[in-house]
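Visitor: take this sequence and fold it.
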Amino acid sequence: MKTPGHAIPPPIRLRLTRAGLSILFLFIFLTFPLSACTTQKATVQVPISAQNFQLNTLITITLYDSEDQSLFPVVFDEIRRLENILSASLPGSDPDRLAQNAGKEYIAVSEETLTLLEKSNAFSDLSEGAFDCTVGPLVSLWGITDGGGRVPSEEEREYALSLIGYRNVLMNEDGWVMLKYPGMKLDFGAIAKGYIADQVKDLLAARGVRSAVIDLGGNIVLLGNKPDGSDYRIGVRDPAEESGDYFAVFEKSDMSLVSSGSYERFFVQGDQVYHHILDVHTGYPSETELLQVTILSNSSMDGDGFSTTAFLLGLERGLALLNSTEGVEGVFVTKDKQVYLTNGLDDDFTIVSDAYTLKR
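Guide: Take a look at the predicted model:
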């Protein structure tokens with residue numbers, strides 16, 4: 001049972017395959033009944049699937065109740081459109097235009113950007129500033145990618161920190177936006193992928209799809225359940241193993257699952273590992289006892305925001321936040337392979353690896 005507390009912050013070249021999935025962070029077990037045809041209409045026997053590399057990750061869309069492959073380019077075009085608007089690294093995007101005009105003038109931005117700003121600010125308030133979409137200067141400074149990055153100097157780090165502050169994102173009466181100081185940059189990396197996953201779900205549902213799995217490389221959205229009425233089985237990646245094996249399984253339908261962890265992007269310098277989840281108070285990668293946080297929620301954007309926020313807050317504060325928030329559950333994995341669950345998950349989650357211990 002949830003304790004009274006927080007509500008979810010308000011909003012704000014194509015390769016086709018059949019039945020194949022490549023999952024980066026969460027694993028989907030695709031079991032499908034090979035039923036015979038009815039006398040009225042042929043039953044779809046095998047799901048169809050398409051993959052594309054976008055958002056700097058492998059995206060996989062799997063449809064269980066449709067054979068309409070024309071849906072895939074529509075989905076990938078929409079993802080590309082949203083990426084072009086929201087990505088901090090693409091010239092002409094809203095974050096890029098805001099950075100170019102920081103400290104100079106207000107500019108018009110898209111409804112999508114306004115939605116992400118509103119949701120990001122809600123998470124910033126909820127986390128007492130640990131979550132902050134103005135982290136862009138710090139992200140650029142560290143430049144952490146898979147195996148790449150650098151440790152900035154103290155002077156560089158302090159300057160980047162001076163530019164971070166979500167309350168310095170200003171909006172005028174016309175709804176135009178300005179970053180208050182030159183050098184400020186937005187980075188929606190902690191929330192945009194979830195927003196895009198939700199938009200893909202809505203797009204497919206509007207076109208009659210009732211059973212699908214949307215995988216945006218760590219953001220899994222389950223549309224409905226499988227056509228036989230059963231839940232999807234989702235495996236959660238073992239955060240301590242580079243092999244990509246899973247350590248636990250959910251059985252769920254019609255919801256979002258998002259994992260965040262220090263294993264996703266990092267580089268090594270000397271004997272120190274530096275991961276990509278940055279602490280806006282210290283300017284360094286977050287230092288907590290956590291390896292991974294997985295969030296279950298109705299909205300993937302909420303899952304994105306809560307997974308990052310809970311990771312930054314650490315085990316005790318992160319658990320307390322989720323246990324006081326309706327409609328959100330979580331799994332916390334610590335560096336010593338202890339697993340902690342929020343109050344509503346006991347019947348939905350199974351550890352399948354002997355290396356992990358469930359703590360009550």
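Visitor: next secondary structure after the helix or strand hosting residue 311?
Guide: Using DSSP states H and E, residue 311 maps to helix 300-313. Sequence-wise, the next helix or strand downstream of helix 300-313 (DSSP H and E) is helix 315-323.
Visitor: so what does that next one touch, helix or strand wise?
Guide: On a contact count with 3 or more C-beta pairs under 8 Å, 6 or more residues apart in numbering; DSSP states H and E, helix 315-323 meets strand 290-297, helix 300-313, strand 328-334. C-beta: built from backbone N, CA, C; applies to glycine.
Visitor: buried stuff in it?
Guide: Within helix 315-323, the residues that qualify as buried are 315, 317-323, counting by 16 or more other C-beta atoms under 10 Å.
Visitor: contacting residues around that helix?
Guide: With C-beta atoms under 8 Å, 6 or more residues apart in numbering as the test, helix 315-323 has contacts from 2-3, 5-6, 126-127, 288-290, 293, 295, 306, 309-311, 313, 328-330, 332, 334, 340, 342-343.
Visitor: what about residue 247, which SS state?
Guide: strand (DSSP: H, G, I helix; E, B strand; the rest coil).
Visitor: how many residues are close by it?
Guide: Neighbour count for residue 247, taken as other C-beta atoms under 10 Å: 21.
Visitor: tell me how far it lies from residue 204.
Guide: Going from residue 247 to residue 204 by C-beta to C-beta, to the nearest Å gives 30 Å.
Visitor: where in the stretch 251-360 of the chain is pLDDT low?
Guide: Residue ranges of the stretch 251-360 of the chain with pLDDT under 70: none are present.
Visitor: please redo it, this time with the cut-off set to 80
Guide: Scanning the stretch 251-360 of the chain for pLDDT under 80 picks out 346-347, 360.
Visitor: spatially nearest residue to residue 149, not counting backbone neighbours?
Guide: Excluding the flanking residues, the one nearest residue 149 by C-beta to C-beta, 6 or more residues apart in numbering is residue 267, at 4.0 Å.
Visitor: pretty sure the one you found belongs to a helix, no?
Guide: No. Per three-state DSSP, residue 267 lies outside any helix segment and is strand.
Visitor: residues touching it, list them.
Guide: 144-145, 147-150, 273-274.
Visitor: in strands, which of those appear?
Guide: Those of the contacts of residue 267 mapping onto strands are 273-274, per DSSP state E.
Visitor: list the contacts for the spatially most central residue of the chain?
Guide: The centroid of the chain falls nearest to residue 304 when counting by C-alpha atoms, centre = their mean (3.8 Å). Contacts were defined as C-beta under 8 Å, 6+ apart; by that measure residue 304 touches 190-195, 219, 258, 260.
Visitor: please tabulate those residues in CSV, including the columns secondary structure.
Guide: CSV is the format used below for the contacts of residue 304 (three-state DSSP):
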residue, secondary structure
190, coil
191, coil
192, helix
193, helix
194, helix
195, helix
219, strand
258, strand
260, strand
